[in-house]
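Got a predicted model here, sequence first, then my questions.
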Amino acid sequence: MAANFQGWDPILNEIISCLKTALKWKLLHFKELDQWTKGVIALLGDASHPTLPYQGQGAAMAVEDGAILGLLLEKFQSAGIPSNQVEKNEKLASLFRLYEGLRKKRTEVNVAGAVHTRHYYHLADGPEQEARDKELAGLASGKWKGPCSFNWGDAEYQQSLLGFDVLADTEKRFDEWLGDI
């Protein structure tokens, strides 16, 4: 491995010289689970929707999952938890299905976006890479407000990814859920 970095920054070469061994760690994509909940058990984060790191959203999705589960459970408790264990479990199972319904589409879009982004980050030098670079270079003149074939530069995609208020949406959907049970 050290030979691959000869001529690079001397500090990097010094760090590499301290290694006893180096392992190759592959980034793999796994399909997200079809179902995240079963009864009163709910999965979150990479356990249910593993993602590649190309959008920097894996931890953010897990935090959103946790925040939504926390909010749903707090609202469930405030609404009055049934004392009958069977009824409580049935309502919790329904609440966890709501959680899954709230999260699934959003995380699927995000996971697919990471796969899409991977392609653009790993373009070999050549016509496709040059077209990507040219398109990205032109975004600043449009104040980053237009479409882009690379989702990282697409204003609408970024707004849906970063501008969506998951907590407000959860509040609304919980109230609808509560009215239906």
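Okay, I see it. Numbers count the residues shown, from 1 in each chain.

What are the neighbouring residues in contact with Gly163?
Neighbouring residues of Gly163 by Cβ atoms under 8 Å, 6 or more residues apart in numbering: there are none. C-beta here means a position set from N, CA and C on the backbone, and glycine is covered the same way.

Could you point out the longest helix of the chain?
Within the chain, and with DSSP state H defining each element, the longest helix by residue count is helix 85-121.

now the angle between helix 85-121 and the following helix or strand past that helix, please.
Following helix 85-121 in sequence order, the next helix or strand is helix 127-137 (DSSP states H and E). Between the direction of helix 127-137 and that of helix 85-121, the angle (axes from the mean of the first three to the mean of the last three Cα atoms, to 10 degrees) works out to 110 degrees.

Pull out the CA atoms of the helix or strand following helix 127-137 and give them to me as CSV.
The first helix or strand that comes after helix 127-137 along the chain, using DSSP H and E, is helix 155-162. Taking only C-alpha atoms (Å, rounded to 0.1, in the frame of the first residue of the first chain), the coordinates of helix 155-162 have been written out as CSV:
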residue,chain,number,x,y,z
ALA,A,155,-32.0,21.8,-6.4
GLU,A,156,-35.3,20.0,-6.2
TYR,A,157,-33.7,16.8,-5.0
GLN,A,158,-31.7,18.5,-2.4
GLN,A,159,-34.7,20.5,-1.1
SER,A,160,-36.7,17.2,-0.8
LEU,A,161,-33.7,15.6,1.0
LEU,A,162,-32.7,18.4,3.3
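
Could I get the buried residue list for helix 155-162?
Using 16 or more other Cβ atoms under 10 Å as the burial criterion, the residues of helix 155-162 that qualify are 157-158, 161.

For these, give me JSON lines that also has pLDDT.
Written out in JSON lines, the entries for the buried residues of helix 155-162 read as follows (pLDDT from 0 to 100):
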{"residue": "Tyr157", "pLDDT": "92"}
{"residue": "Gln158", "pLDDT": "91"}
{"residue": "Leu161", "pLDDT": "88"}
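
and which of these is nearest to Phe96?
Closest approach to Phe96 among the buried residues of helix 155-162 (Cβ to Cβ): Leu161, at 24.5 Å.

Let me see the contact set for the closest one.
The contact partners of Leu161, taken as Cβ under 8 Å, 6+ apart, are 55, 57, 109-110, 113.
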